[in-house]
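Trainee: could you look at this predicted model? Sequence included:
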Amino acid sequence: MATSRNSAPSLEDLHLLTIVAETRSFTQAARRLGISKASVSMRIRDLERSAGVPLVRRSTRSLALTQAAVQLVDDTRASFARIAQSFAAVRDLAAIPKGLVRVTAPVALGRQHIAPSIPRFLRDYPEIRLELDLSDRLVNLVQEGFDLAVRHAHAAPDTHVAHVLCESRALLVASREYLRQHGTPEHPSDLSRHECLLYLRDGGMQNWSFERIHGRKRIERLSVPVSGPFRANNSEVLREAVIGGLGMSLLPDFTVFGSQASGRLVPVLAEWRPVGFFGSRLHAIRPWAPKAPRAVQCLIDHLRRTFARGFSA
């Protein structure tokens, strides 16, 4: 039944409006709440009838909140956040951790290291349900409804909390076949004459930066323009191209050492450290809250144990 203009708004519909404000998408809001997109649209219309003013402007390509909706969300968001935190705290009093945990991670890391550890985690915590989204893009946790992201990062933004899992580094590698045919670089400046396999980035040319330490204090740094015949947005794909002799590439250590193919990769310029390409640590990052929900904390602890030894040959 439609909501009349003078009736009190549903608290569920007010909460739905805050989710729409975070996601800027009826589809994403529906996914977050486990309802249909049609239900989201109908409930927002009911809320607009109850308020007597438009709240959401929709077009085929975009969604925007009206000033009235912005004010309503600003006034209610903190209350709903406190309710969620309070309920999570009460739920965590249960003897057995339970609930759905949604986590996102890089494709290579997820396939090679996280996925093999999942059966043990779910056997240890049978009341927890887990959704693992593997993507190399940077996901907006709040907007897309994720509880946790496993990422390279130097630090978490103020709105998030980062838990260190292990140290990590980038490695410049090539195949023996490529080095036999093209020679081995002796200095980073030599890379401009080599085939370099790159991550997909904006722009045509890309620079790789390196540093090395002389003695105790002086650090030598330089940046080298590189290019090559192949680009990809996944480190496993680049690794296979390196093994195939197409060129050399900067890869994260978990991709280099995460397969039986690692013995076919040769470190290049080992005395130089790549900088600015990947973070020096692997983190589990969650949206800010005074305390992580118990199921999320159990997963963080599990990931810490999984990555405790880091990555090495």
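Mentor: Received the coordinates, thanks.

Trainee: packing partners for the worst-scoring helix or strand of the chain on mean pLDDT?
Mentor: The weakest-scoring helix or strand in the chain, judged by mean pLDDT, DSSP states H and E, is helix 67-91 (a mean of 79). Under the contact criterion of 3 or more CB pairs under 8 Å, 6 or more residues apart in numbering; DSSP states H and E, helix 67-91 touches helix 11-23. Quick note: C-beta positions are derived from backbone N, CA and C, even for glycine.

Trainee: tilt between the helix it packs on and helix 67-91?
Mentor: Angle of helix 11-23 versus helix 67-91, following axes from the mean of the first three to the mean of the last three CA atoms, to 10 degrees, is 110 degrees.

Trainee: what's downstream of helix 11-23, the next helix or strand?
Mentor: helix 26-33 (DSSP states H and E).

Trainee: that following helix: how far from the chain's middle?
Mentor: Centre-to-centre, helix 26-33 and its host chain are 19 Å apart (CA atoms, centre = their mean, to the nearest Å).

Trainee: remind me what that helix packs against, helices and strands.
Mentor: Checked by 3+ CB pairs under 8 Å, 6+ apart, helix 26-33 has helix 11-23, helix 37-51 packed alongside it.

Trainee: returning to what we had before: quick one: contacts of the least confident helix or strand of the chain?
Mentor: Residues from elsewhere that reach helix 67-91, judged by CB atoms under 8 Å, 6 or more residues apart in numbering: 14-15, 17-18, 21, 51, 53-56, 65, 98-99, 289-291, 293-294.

Trainee: again, only using 10 Å
Mentor: For helix 67-91, contacts defined as CB atoms under 10 Å, 6 or more residues apart in numbering pick out 9, 11, 14-15, 17-22, 44, 47-48, 51-57, 64-66, 97-99, 289-296.

Trainee: are any of these buried, and if so which?
Mentor: Taking 16 or more other CB atoms under 10 Å as the criterion, what is buried in the contacts of helix 67-91 is 9, 14-15, 17-22, 44, 47-48, 51, 55-56, 65, 97-99, 292-296.

Trainee: quick one on the thing from earlier: same for the helix or strand following the least confident helix or strand of the chain, what does it pack against?
Mentor: Scanning forward in sequence from helix 67-91 by DSSP H and E, the next helix or strand is strand 99-105. Strand 99-105 is packed against strand 128-134, helix 141-144, strand 148-152, strand 281-287, helix 294-306, with contacts defined by 3 or more CB pairs under 10 Å, 6 or more residues apart in numbering; DSSP states H and E.

Trainee: pull the distance from strand 99-105 to the chain's centre.
Mentor: Its chain's C-alpha centre and that of strand 99-105 lie 11 Å apart, by CA atoms, centre = their mean.

Trainee: cool, stretch 115-132 as well?
Mentor: 19 Å.

Trainee: buried sites along it?
Mentor: Result for stretch 115-132 [16+ other CB under 10 Å]: buried residues 118, 121, 125, 128.

Trainee: and which of these is nearest to Ser36?
Mentor: Of all the buried residues of stretch 115-132, Ser36 sits closest to Ile128, with 25.9 Å by CB to CB.

Trainee: wait, what's in contact with the closest residue to the closest one other than its chain neighbours?
Mentor: Spatial nearest neighbour of Ile128, excluding adjacent residues (CB to CB, 6 or more residues apart in numbering): Ala295 at 4.9 Å. By CB under 10 Å, 6+ apart, the contact set of Ala295 is 88, 91-92, 96-101, 125, 127-130, 147.

Trainee: do I have it right that Ser50 meets Ala8?
Mentor: Yes - using CB atoms under 10 Å, Ser50 is in contact with Ala8, at 7.5 Å.

Trainee: give me the more crowded residue out of these two.
Mentor: Applying other CB atoms under 10 Å to Ser50 and Ala8 shows that Ser50 carries more neighbours, namely 20 against 8.

Trainee: distance of the more buried one relative to Arg82?
Mentor: Distance of Ser50 to Arg82, computed by CB to CB, to the nearest Å: 23 Å.

Trainee: for Arg151, same thing?
Mentor: 28 Å.

Trainee: and for Val173?
Mentor: According to CB to CB, Val173 and Arg82 sit 50 Å apart.

Trainee: report the buried residues of the least confident helix or strand of the chain.
Mentor: By neighbour count with 16+ other CB under 10 Å, helix 67-91 contains the buried residues 69, 72-73, 76-77, 80, 88.

Trainee: any low-confidence regions in this structure?
Mentor: 1-7, 88-95, 155, 201-205, 215-218, 258-262, 313 (pLDDT under 70).

Trainee: how is it divided into domains?
Mentor: In terms of domains, the chain is parsed into 11-83, 99-167+280-306, 170-275 (source: automatic domain parsing).

Trainee: closest one to Ser312 among these?
Mentor: Using CB to CB, these put domain 170-275 closest to Ser312, at 6.1 Å.

Trainee: check the offset of the closest one from the chain's centre.
Mentor: That offset, for domain 170-275, works out to 23 Å (CA atoms, centre = their mean).
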